[in-house]
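> I would like to see how this sequence folds:
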Amino acid sequence: NFTGALTSAQFDVKYSNGLANDFKFSDYQLVIFNNWDLESIPDAGKKEIEEYIRLGGGLLVIGGDRNVYTEDRADNDILERAMPANLAPPRSPEGTAVTLIIDKSSSMETGHKMDLAHRASIGVVNNLRPIDMVGVLMFDNTFEWAVTIRKAEDKAYINKQIAGIQPDGGTQIAPALTEAFNKMKQVKAATRHIVLLTDGISEEGNSLTLAKTAMAEQVTISTVGLGQDVNTAYLERVATAAGGKAYFVTDLSQLEQILVKDVLEHTGQTAIEKPLTIDVDKRVEILNDVDVDHAPVLKGYVRFTAKPSAETILSVDKDPLLSRWQYGLGRVAVFASDAKSRWAADWITWKGYDKFWTNIARDLLPRAQGGEATVEYDSANGDLVANYRLGQGVKEPAKIPLIFAFGPAGFQKQIPVMQTAAGTYQGRLQIGQRQGLFRVRPLEDSQVFPEAGIYRPQSELTDFGNNVELLKQVAAFTGGRFEPAPESIFQSTGRAIPTTLNLWPAMLALAILLSLGELVLRKWNGLFAGKAVA
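Numbering: from 1, shown residues only. Below is the predicted model of the structure:
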């Protein structure tokens, strides 16, 4: 979907699963790391990417479940310096602990359940940090530790032990659950979480009491039921009582995603999977024609921390979702969620999906032209001086185009431009003491010799400036203030100004009114004297 969106927008897209030895970043205008573990890139490759961006290339980093925060990465990572946002550490910097209880009864042979359980469990291990702890307990009629609780350092060994679990026997959940809890409550970790994976029905035993005790001991338990033949009520009660979640999986292809999501949520890792509503922090041009206010929810993201000088455009849960900045001549953007059917499953069918990604891609395309131009004024000789420098990797032009200077009052003259060194050109033109706006541009558009300009202000503005003392005297003489604060401009200065007012018109009107009133009062009784009541 993502590459299709770019291709339909006339981008020439090439897809690669890795960085080959002969890969040249300079052959491309934009490089996109889509759900890529940036820590897996060797230092030499990171240096090449940073140099590529600094010289004008574009970089887009799209998140995903492969973006894993590592504790031992270098503080001065050269690629991180070029990015507007870096992977955030887990919310709990201390190690967490997780135990996977895997049902290995005979019924797990059907429908490749055991193979999918292997893959899902390995996915959980791969998302843990070396400081985290993990244990794998398998059970049928009895239980046995495939991996005793230990640091998740030797992932190859742990994954090998998981892959070796084979189905056999019946289903007895309660003893295995009790064993896992008894071991986990002895572990010292920031969070402790147990996941029970089963496809069958078992006697409940004391599971509910144990779940409540686990909650009190700050050990959470989640349950995952595979298929239809599970005791849903039992698994729900255990998970609820222990502060976990209950999942019932009929589409077994979703098992790994569900299992990884649950563990990461309960152990406070960098990746967060839950429904997320997008907040618009800044409305910029790349959101044009994209109805982002009505975009579907995302189902997860990777926590990044935006740098102070970066521009955060979109966010989720107060964490940056889309951020960008300028680095050297290039531009870099980071999108913390993914662009595929895991976290962006509802986005793929959203009508704004294609426009959103093509707008971002175009925004990151190189903006540095084939050449850079500056214009300055040589006051000693009265010359307008135009300087040109070719961009990185730009070939010398076969012929210098005709270049003209345009100024005020119809001024127009050709500037003779000559090469002064490799990739460097200069032109001079006598303009004397003329002031105003001067533009220097070729007769025909040229990326090598772009248009530039200079403004020479009138001498009155540069030679004299303000007569501060005179302004102060005028303000003092008239009772005003010098450079007052804007809010105090219309406030009184306390100075009284004598004035006169003619009062006689008002006094005359008042006398007439009083006379009429006195007349009415004296004649009042006579007006009603002829009237009587019978």
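
> tell me who's in contact with Ala189.
94-97, 132-133 (CB atoms under 8 Å, 6 or more residues apart in numbering). No exception for glycine: its C-beta is placed from N, CA and C like everyone else's.

> what about 7 Å?
94-97, 133 (CB atoms under 7 Å, 6 or more residues apart in numbering).

> ditto for Thr213
Counting by CB under 7 Å, 6+ apart, Thr213 makes contact with nothing.

> check the contacts of Ala189 against Pro308 and report the nearest one.
Using CB to CB, Glu94 is the member of the contacts of Ala189 that sits closest to Pro308, with 27.0 Å.

> wait, is Arg283 part of a strand?
No. Per DSSP: H, G, I helix; E, B strand; the rest coil, Arg283 lies outside any strand segment and is coil.

> and the contacts of Ala189 as JSON lines, adding pLDDT?
Formatted as JSON lines, these follow (pLDDT from 0 to 100):
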{"residue": "Glu94", "pLDDT": "65"}
{"residue": "Gly95", "pLDDT": "75"}
{"residue": "Thr96", "pLDDT": "84"}
{"residue": "Ala97", "pLDDT": "90"}
{"residue": "Met133", "pLDDT": "91"}
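
> helices of this protein, start to end?
Taking DSSP state H, the helices of the chain run over residues 2-8, 43-54, 78-82, 113-126, 155-163, 173-184, 207-216, 232-241, 255-267, 353-364, 459-463, 468-478, 504-527.

> need those in TSV (columns: distance to Arg389 and mean pLDDT).
Conversion of these to TSV gives the following (distance: least, CB to CB, whole Å; pLDDT from 0 to 100):
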stretch	distance to Arg389	mean pLDDT
helix 2-8	32	89
helix 43-54	16	89
helix 78-82	23	89
helix 113-126	49	88
helix 155-163	51	93
helix 173-184	65	93
helix 207-216	68	92
helix 232-241	66	92
helix 255-267	50	76
helix 353-364	24	94
helix 459-463	29	55
helix 468-478	42	85
helix 504-527	81	80
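
> out of these, the one nearest Ile286 is which?
So among the helices of the chain, helix 353-364 is nearest, using CB to CB, at 4.2 Å.

> helices and strands around that closest one, which ones?
Other elements packing on helix 353-364 under the criterion 3 or more CB pairs under 7 Å, 6 or more residues apart in numbering; DSSP states H and E are helix 2-8, strand 58-62, strand 330-335.

> check those for me and report the most buried one.
When those are scored by mean count of other CB atoms under 10 Å, the highest mean neighbour count falls to strand 330-335 (a mean of 25).

> hmm, who's touching that one?
When contacts are defined by CB under 7 Å, 6+ apart, strand 330-335 is touched by residues 53-63, 82-85, 304, 321-325, 360, 363-364, 366.

> of all the helices of the chain, which one is nearest Asn34?
helix 2-8 (6.6 Å).

> counting by contacts, list what the closest one packs against.
Counting contacts by 3+ CB pairs under 7 Å, 6+ apart, helix 2-8 packs against helix 353-364.

> out of the helices and strands packed on helix 353-364, the one nearest Leu177 is which?
When the helices and strands packed on helix 353-364 are compared by CB to CB, strand 58-62 sits nearest Leu177, at 39.5 Å.

> the closest one - which strands sit beside it in the sheet, and in what orientation?
When sheet partners are counted by DSSP bridges, strand 58-62 sits next to strand 30-34 (parallel), strand 330-335 (parallel).

> now tabulate the ones you listed in a markdown table and tack on distance to Ile165 and mean pLDDT.
A markdown table is the format used below for those (distance: least, CB to CB, whole Å; pLDDT from 0 to 100):
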| stretch | distance to Ile165 | mean pLDDT |
| --- | --- | --- |
| strand 30-34 | 33 | 93 |
| strand 330-335 | 37 | 94 |
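
> if we can go back for a sec, please check the contacts of strand 330-335 and keep the buried ones.
Buried members of the contacts of strand 330-335, counted by 16 or more other CB atoms under 10 Å: 53, 55-63, 82-85, 304, 321-325, 360, 363-364, 366.
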